[in-house]
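Peer 1: below is the structure, and that's it, no one-letter string:
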DNA sequence: GTACAAAACGAACGATCGTGCTTTATGGAG
DNA sequence: CTCCATAAAGCACGATCGTTCGTTTTGTAC
């Protein structure tokens, strides 16, 4: 039985290739957030990584596959930066607010050079067709649904008035973060985040049941998380 | 004195050139809203207009000049489609609401193929530098300021509670339309406009003085304007 | 008609795009 | 050390990019 060694070998070889692939995607995702998924170019990316176009290209087989991989990678980063931290909090209104706060903080610390990756790529691809557009729409939808679901859960806990239309609420909360991303990146003005957070808290306060207002009041006095832009290291070799 | 004839000649020649220039910009602005200002390509545009690349190019001298002209043209269209209609209404809350309604209607009837031109180009250019980005930022700012200014005017009329932070309000109203544009173009779902409008009316209702609630109540029952997508004519010659 | 300026064109430039095909390097298995 | 799959490189392709330049067409003034 040679299965084990084959698997091991494959693990090794895959590991070498996979490491390169991850390096490529790491760089690609940042280029794409600044220049767009279409502006992301294989030659430019190969230069940046000091490897050949064809060597890089072989990892994906087509530009569309590269774009799909980049979107998936961006999803992973979003999950790591926003979803995971928020999901350590208790379910209900607390988690809903955490989702929005983490989201705002991630925009503010410029995890991607060009603002929130998904807002940029959604607007870039919304008038096209094909698998890239479909993937972006699916991921956007699931995040919006997650906000909605958490609001509904808060209703079952009695934290949120059961008469509140949660999909309306999710739409508005989403729009506020969207607006912050737009305002911050266009005007380089961090007041974007105060404004968005004011709006968010106001929306939640409106729908919160009397007992829960304490929780929100406490949250609103907490300062926003650090939103310092990550220093771009200048490669000099 | 030959000035008159010279002027007349120049007027004529300029007119011929200017007509072409407007035709180019008319097409360019739609291509750009769908493919982006960078995706807008001179060769592609020349093909679409059945003219030569060089002939088209000569009107602008550089791609950046073309982009600037496209943004200006988009501004003119926005003014014609949104600002002018809204500015026929009386100043104050009525006009503020009209600005938002016209804006939503313009998104909904897809005046540009790729949704609101300025939202798309703002996100495309927000992480760049140069005159194109500057122009986009300036125009975005002035529209946001116009919303703010109208809200402040409503305060002087006593239609809006003077304690309302109008720049916060303008931010939120802007974000709601932004959200509608995103949702509608990504999911092809017209509920985007109901949701945005619900949010807008709620925001205004919160800040409205008691006497003005009637006005808003009447507005909220009015149906949204036609949001039928303009049929794309298929050229077949 | 002729003269003339503006508009439009045609052809080409070097650069870069995405994508194939062939060859070389790499590194663990035997 | 040899073998061999995989990773990476090299090279070239047709297409298209923005741009330049010299020529031709166009429309009016005289």
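Peer 2: Yes, it's here. Keep in mind that this is a model prediction, so the values were computed, not measured.
Peer 1: what separation do you get for residue A:121 and residue B:182?
Peer 2: 12 Å (Cβ to Cβ, to the nearest Å). No exception for glycine: its C-beta is placed from N, CA and C like everyone else's.
Peer 1: how close does the residue most central in space within chain A get to residue B:86?
Peer 2: Centroid-nearest residue in chain A: residue A:78, 3.4 Å away (criterion: Cα atoms, centre = their mean). Separation of residue A:78 from residue B:86 (Cβ to Cβ): 37 Å.
Peer 1: what stretches of chain A score poorly on pLDDT?
Peer 2: Residues of chain A meeting the criterion pLDDT under 70: A:1-15, A:211, A:213-237.
Peer 1: DNA strand D contacts on that one?
Peer 2: Applying Cβ under 7 Å from any atom of the strand, we find that chain A lies next to DNA strand D at A:10, A:13-14, A:16-17, A:20, A:50-56, A:58-59.
Peer 1: what are the ranges of the helices in chain A?
Peer 2: A:3-35, A:42-48, A:53-58, A:63-78, A:84-86, A:93-108, A:117-125, A:131-156, A:166-187, A:191-207, A:213-220 (DSSP state H).
Peer 1: for the shortest one, name the packing helices and strands.
Peer 2: Spelled out, that is helix A:84-86. Helices and strands touching helix A:84-86, by 3 or more Cβ pairs under 8 Å, 6 or more residues apart in numbering or on different chains; DSSP states H and E, are helix A:93-108.
Peer 1: between helix A:166-187 and the helix it packs on, find me the angle.
Peer 2: 20 degrees (axes from the mean of the first three to the mean of the last three Cα atoms, to 10 degrees).
Peer 1: contacts for helix A:93-108?
Peer 2: The contact list for helix A:93-108 (Cβ atoms under 8 Å, 6 or more residues apart in numbering or on different chains) reads A:78, A:81-83, A:85-87, A:89, A:115-116, A:146-147, A:150-151, A:154, A:157, A:159-160, A:173, A:177, A:180-181, A:184, A:190, A:193, A:196-197, A:200, A:204, A:208, A:212, A:215-216, A:219, A:224-227.
Peer 1: just stretch A:158-166 next, same as before
Peer 2: Applying Cβ under 8 Å, 6+ apart, the set of residues contacting stretch A:158-166 from outside is A:92-93, A:148, A:151-152, A:154-155, A:204, A:207-209, A:211-212, A:215.
Peer 1: one more pass at 7 Å, please.
Peer 2: Contacts to stretch A:158-166, defined as Cβ atoms under 7 Å, 6 or more residues apart in numbering or on different chains, come from residues A:92-93, A:148, A:151-152, A:154-155, A:207-209, A:212.
Peer 1: quick one: which of these has the most company?
Peer 2: Ranked by neighbour count (other Cβ atoms under 10 Å in any protein chain shown), these have residue A:154 at the top, with 28 neighbours.
Peer 1: isn't it right up against residue A:91?
Peer 2: No: the criterion here is Cβ atoms under 7 Å, and residue A:154 misses it with residue A:91 at 8.1 Å.
Peer 1: is it true that residue A:117 touches residue A:74?
Peer 2: Yes: with contact defined as Cβ under 7 Å, residue A:117 reaches residue A:74; the gap is 4.3 Å.
Peer 1: overlap in contacts, the two.
Peer 2: Joint contacts of residue A:117 and residue A:74 (Cβ under 7 Å, 6+ apart) are residue A:29.
Peer 1: what sits against whichever residue of chain A sits closest to DNA strand C?
Peer 2: Proximity of chain A to DNA strand C (Cβ to the nearest atom of the strand) peaks at residue A:43, 2.6 Å away. Residues near residue A:43 by Cβ under 7 Å, 6+ apart: residue A:53.
Peer 1: give me the distance between it and residue A:24.
Peer 2: Distance from residue A:43 to residue A:24, by Cβ to Cβ: 13 Å.
Peer 1: then residue A:197?
Peer 2: 36 Å.
Peer 1: so which of those two has more stuff around it?
Peer 2: residue A:24 (24 against 21).
Peer 1: list the contacts of the more buried one.
Peer 2: By Cβ under 7 Å, 6+ apart, the contact set of residue A:24 is A:45, A:49, A:56, A:59.
Peer 1: can we see that at 10 Å?
Peer 2: Neighbour list for residue A:24: A:42, A:45-46, A:48-49, A:51, A:55-56, A:59-60, A:66, A:69-70, A:73 [criterion: Cβ atoms under 10 Å, 6 or more residues apart in numbering or on different chains].
Peer 1: from the residues you listed, which two are the most distant?
Peer 2: Pairwise distances across the contacts of residue A:24 (Cβ to Cβ) peak at 18.8 Å, for the pair A:55 and A:73.
Peer 1: looking at the two, which one has more neighbours?
Peer 2: More crowded of residue A:55 and residue A:73, by other Cβ under 10 Å: residue A:73, with 19 against 12.
Peer 1: contact partners for the more buried one?
Peer 2: Neighbours of residue A:73 in contact, by Cβ under 10 Å, 6+ apart: A:21-22, A:24-26, A:28-29, A:32, A:117.
Peer 1: what's the ChimeraX syntax to select whichever of those residues are buried?
Peer 2: The following ChimeraX line selects those of the contacts of residue A:73 that are buried, judged by 16 or more other Cβ atoms under 10 Å in any protein chain shown:
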select /A:21,24,25,28,29,32,117
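Peer 1: of the contacts of residue A:73, closest to residue A:131?
Peer 2: residue A:32 (15.8 Å).
Peer 1: can I assume the closest one is in contact with residue A:72?
Peer 2: No: checked against Cβ atoms under 10 Å, the pair residue A:32 and residue A:72 is beyond contact range at 12.0 Å.
Peer 1: look up the residues that both of the two are in contact with.
Peer 2: Common neighbours of residue A:32 and residue A:72, counting by Cβ under 10 Å, 6+ apart, are residue A:25.
Peer 1: just give the nearest non-adjacent residue to whichever residue of chain A sits closest to DNA strand D, would you?
Peer 2: Going by Cβ to the nearest atom of the strand, DNA strand D is nearest to residue A:17 of chain A, at 2.3 Å. With Cβ to Cβ, 6 or more residues apart in numbering or on different chains as the criterion, residue A:17 has its nearest non-adjacent residue at 7.1 Å, and that residue is residue A:59.
Peer 1: who touches the one you found in this structure?
Peer 2: A:17-18, A:20-21, A:24-25, A:65-66, A:69.
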